[in-house]
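Participant: What follows is a predicted protein model with its sequence.
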Amino acid sequence: MQDQDYYYTIEQSSTAEFKDRGSRFIAYAYPVSSPEEVKQYLQVLKKEHHKAVHHCFAYRIGLDGNQFRVNDDGEPSGSAGRPILGQIDSKQLTNTLVVVVRYFGGTLLGVPGLINAYKTSTSLALQLVPIVQKPVEIPYRVHFDYTLMNEVMMIVKQCQCSVLAQEMQLFCTLEIGIPKKRVDEVLYRLKELRNVDVAPVK
């Protein structure tokens, strides 16, 4: 998809509206990391806009580009979900969901009109939100004695790893995401510490 040391996404949500011949298209962009989150946002919007005729959406999740979905929600096939996904992809975004809520204005727009409306409203919503570049991370599990906590956390901080999960008892287990291009450096530094086990997360 892109330079695989980094990926692009959004970190906050945004809303934009586009009108055409009486129909209102309200686009909502959200950062998401799982299909479950997508479902939650859809439920909220369907409650909030229960009088709207269509809730069309598209999302792309993950780094391999294979996890995506488009939904026309009753609009003519290919006139809503695809144009929404097209806008997400044109900005090379992942972990991004856009839902466009349509209130029908009484005039049929035809397929070209619909494609334009869904594309434009999505584009407007994505223009309002800053796009962030994030490092691709490889997950590792680190197991160590509680007394080494400071040393381990120092390496995690200095090498900009993110902490994904942690269990703290007498022995501690950390699940960390190591930026892809710093994996060798982090593993080398962790292994230099005594009694620290590091293994990739399967």
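Facilitator: That came through, no problem.

Participant: drop to CA atoms for contacts and neighbour counts, all remaining ones
Facilitator: Fine.

Participant: Any regions of this structure where pLDDT drops low?
Facilitator: Where the chain drops to pLDDT under 70, the residues are 1-3.

Participant: Counting residues, what is the longest helix that it contains?
Facilitator: The single longest helix within the chain, with elements called by DSSP state H, is helix 110-127.

Participant: can you pull out the strands in this protein?
Facilitator: Along the chain, the segments classed as strands by DSSP state E run 6-10, 14-20, 23-31, 54-61, 67-71, 96-103, 131-135, 137-145, 162-168, 171-179, 196-200.

Participant: Export the ones you listed as a markdown table, with columns for mean neighbour count.
Facilitator: Below are the strands of the chain laid out as a markdown table (neighbours: other Cα atoms under 10 Å):
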| stretch | mean neighbour count |
| --- | --- |
| strand 6-10 | 20 |
| strand 14-20 | 18 |
| strand 23-31 | 23 |
| strand 54-61 | 25 |
| strand 67-71 | 17 |
| strand 96-103 | 27 |
| strand 131-135 | 15 |
| strand 137-145 | 19 |
| strand 162-168 | 13 |
| strand 171-179 | 20 |
| strand 196-200 | 14 |
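
Participant: could those be laid out in CSV, adding distance to Met153?
Facilitator: Converted to CSV, the strands of the chain look like this (distance: least, Cα to Cα, whole Å):
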stretch, distance to Met153
strand 6-10, 23
strand 14-20, 34
strand 23-31, 28
strand 54-61, 29
strand 67-71, 33
strand 96-103, 30
strand 131-135, 19
strand 137-145, 11
strand 162-168, 10
strand 171-179, 10
strand 196-200, 12
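
Participant: Indicate which one of these is closest to Leu85.
Facilitator: strand 54-61 (5.3 Å; Cα to Cα).

Participant: Quick one: distance of the closest one to the chain centre.
Facilitator: Strand 54-61 sits 12 Å away from the centroid of its parent chain (Cα atoms, centre = their mean, to the nearest Å).

Participant: That strand - contacts with which helices or strands?
Facilitator: Helices and strands touching strand 54-61, by 3 or more Cα pairs under 8 Å, 6 or more residues apart in numbering; DSSP states H and E, are strand 67-71, helix 81-90, strand 96-103.
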